[in-house]
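J.: this is a predicted model, with the sequence first.
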Amino acid sequence: MSTKPQIVLLTGATAGIGRTTALYLAGQGHHVIATGRRVAQLEALRAEAVAKQLPGKLDVTPLDVTSLESIDRAVVEVNRLTAGYGVDVLINNAGFGLLGPMSEIGDAELRRQFDTNVFGLMAVTRAFLPAMQARRAGKLINVSSVGGRITLPYFGAYNGTKYAVESFSDALRYELRPFGIHVVVIEPGAIRTNFGDTAMTSVNAYDDTVYGAALAKADQMRARMESTAAAPETVARGIARAIRRRRPAARYVLPYFNSGVFVLRALLPQRAWDWAMRRLGYLSPRLLDARPTEALPSPTAS
Ligand SMILES: NC(=O)c1ccc[n+]([C@@H]2O[C@H](COP(=O)([O-])OP(=O)(O)OC[C@H]3O[C@@H](n4cnc5c(N)ncnc54)[C@H](OP(=O)(O)O)[C@@H]3O)[C@@H](O)[C@H]2O)c1
């Protein structure tokens with residue numbers, strides 16, 4: 001365990017897990033550089049840290065993970081704030097998910113998901129890694145999801161981005177260890193943030209598709225998924241633990257009871273798992289009216 005204050009850069013700190021983690025880590029004495037797109041929210045975060053007289057330091061700087069210019073500007077600002085040192089810990093937290101049936105979701109939406117959650121994460125990583133590699137020390141903490149290892153109905157696009165984060169993180173862990181850099185994946189289950197509201201913004205776009213009737217029940221599906229939702233502090237504490245550990249685990253499932261779903265997934269036969277997922281997503285032929293209604297002509301009939 002190390003209690004040495006670290007310089008920590010955090011993406012997506014304007015809300016939810018990122019915001020809570022920024023305050024929590026500053027409360028533990030770290031120097032947090034909280035970044036995000038919305039400057040007013042960043043200023044409010046800084047003001048809250050000052051008002052709470054946290055033992056650590058909390059600086060803020062704008063950073064849109066999908067913009068290379070924005071990332072370059074953030075690197076310059078971080079070098080200014082740290083006298084050219086860079087960061088000890090990079091937390092890639094910025095991300096979002098949109099509900100949508102895989103066969104209906106458009107190319108633009110799919111790209112938007114991957115631009116933020118995958119390409120953005122990698123661009124920020126490439127920007128802040130060289131200083132850690134030069135020092136032969138550091139931690140890269142990528143916020144994935146329980147959904148980085150299991151796929152839920154209508155979350156295929158989002159889950160796809162998190163599967164990519166899991167795989168990229170594994171490769172980075174092997175490749176960066178010789179440079180003294182630890183790579184950690186954070187896998188939250190349902191957490192009470194704006195995530196669900198954002199995910200639901202796309203739901204009406206599919207009203208007129210064959211999935212309209214099922215997605216009309218998306219609120220019930222959300223209620224089931226969020227019935228065990230935890231506070232964002234749970235994730236903040238897990239991240240703080242990974243920062244303290246000299247040799248952190250490769251993965252932290254937060255809260256830990258969510259690991260149960262991986263056990264269930266491993267034990268259940270594929271057919272049983274699929275049935276449960278269809279039930280969760282109201283994917284019944286009756287509701288979707290997906291039953292064949294008339295005999296189609298046989299291709300061999302003349
Ligand atoms: N909440 C959950 O149940 C849950 C579960 C598993 C994993 N996660 C993951 O946890 C992470 C944080 O999500 P959250 O639950 O805290 O959701 P949230 O409350 O919606 O916060 C998402 C944060 O990401 C930021 N963001 C989105 N696009 C960005 C971009 N292009 N550049 C910079 N920042 C960007 C948002 O900034 P703006 O304010 O500018 O939009 C916001 O600060 C995400 O990676 C999410 O996938 C969440």
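T.: Arrived safely, thanks for sending.

J.: residues touching the nearest residue to Ala22 once chain neighbours are set aside, list them.
T.: Among residues not flanking Ala22 along the chain, Ala34 sits closest, at 4.1 Å (C-beta to C-beta, 6 or more residues apart in numbering). Backbone N, C-alpha and C define where each C-beta goes, glycine included. Neighbouring residues of Ala34 by C-beta atoms under 8 Å, 6 or more residues apart in numbering: 10, 13, 18-19, 22, 42, 45-46, 58-61.

J.: switch the cut-off to 7 Å
T.: Residues in contact with Ala34 (C-beta atoms under 7 Å, 6 or more residues apart in numbering) are 10, 13, 22, 42, 45, 58, 60.

J.: Glu187 belongs to a strand, doesn't it?
T.: Yes - with DSSP: H, G, I helix; E, B strand; the rest coil as the criterion, Glu187 is part of a strand.

J.: pLDDT value on it, please?
T.: Note on Glu187: pLDDT of 98.

J.: so it makes contact with Ser144?
T.: Yes - using C-beta atoms under 7 Å, Glu187 makes contact with Ser144 at a distance of 5.4 Å.

J.: for the nearest residue to Ala74 once chain neighbours are set aside, the count of nearby residues, please.
T.: Of all residues not flanking Ala74 in the chain, Leu63 sits nearest, at 4.3 Å (C-beta to C-beta, 6+ apart). Residues lying near Leu63 (other C-beta atoms under 10 Å) number 28.

J.: which residues does Leu63 contact?
T.: Taking C-beta under 7 Å, 6+ apart as the criterion, Leu63 is in contact with 11, 35-36, 70-71, 74.

J.: please narrow these to those residing in strands.
T.: 35-36 (DSSP state E).

J.: neighbour-wise, which one of the contacts of Leu63 leads?
T.: Busiest of these [other C-beta under 10 Å] is Thr35, holding 30 neighbours.

J.: ranges for the helices of the stretch 201-302 of the chain?
T.: Ranges of helices in the stretch 201-302 of the chain, per DSSP state H, counting those that start in this stretch, are 212-215, 218-226, 232-244, 260-267, 270-280, 285-288.

J.: what pLDDT does the residue nearest to Ala74 get?
T.: The model reports Leu63 with a pLDDT of 98.

J.: tell me the one of the contacts of Ala34 nearest the ligand?
T.: Using C-beta to the nearest ligand atom, Ala13 comes nearest to the ligand of these, at 6.1 Å.

J.: the ligand contacts on the stretch 51-200 of the chain?
T.: Residues of the stretch 51-200 of the chain lying close to the ligand by C-beta under 6 Å from any ligand atom are 64-66, 93-97, 116, 120, 143, 145, 188, 190-191, 193-195, 198.

J.: in PyMOL, select just the buried ones from these.
T.: Buried subset of those, written as a PyMOL selection, criterion 16 or more other C-beta atoms under 10 Å:
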select buried, resi 64+65+66+93+94+95+96+97+116+120+143+145+188+190+191+193+195+198
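
J.: just the residues of the stretch 51-200 of the chain next to the ligand: which are in strands?
T.: Counted as lying in strands by DSSP E, out of these, are 143, 188.

J.: what's in contact with the helix or strand of the chain with the lowest mean pLDDT?
T.: Lowest by mean pLDDT, DSSP states H and E among the helices and strands of the chain is helix 218-226, with a mean of 87. Residues outside helix 218-226 that contact it (C-beta under 7 Å, 6+ apart): 99, 190, 196, 200, 203, 280-282.

J.: please apply the same query to stretch 152-159.
T.: Contacts of stretch 152-159 (C-beta under 7 Å, 6+ apart): 97-102, 105, 109-110, 113, 147, 151, 277, 280-281, 283.

J.: quick one: mean pLDDT for that stretch?
T.: 97.

J.: chain center to it: distance?
T.: Relative to its chain's centre, stretch 152-159 lies at 13 Å (C-alpha atoms, centre = their mean, to the nearest Å).

J.: got the CA positions of it in PDB?
T.: Provided in PDB are the C-alpha atoms of stretch 152-159 (Å, rounded to 0.1, in the frame of the first residue of the first chain):
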ATOM      1  CA  LEU A 152     -27.600  -6.900 -22.500                       C
ATOM      2  CA  PRO A 153     -30.400  -6.500 -25.000                       C
ATOM      3  CA  TYR A 154     -30.400  -3.100 -26.700                       C
ATOM      4  CA  PHE A 155     -27.000  -2.400 -25.200                       C
ATOM      5  CA  GLY A 156     -25.000  -4.100 -28.000                       C
ATOM      6  CA  ALA A 157     -23.400  -0.900 -29.200                       C
ATOM      7  CA  TYR A 158     -22.400   0.200 -25.800                       C
ATOM      8  CA  ASN A 159     -21.400  -3.200 -24.600                       C
END
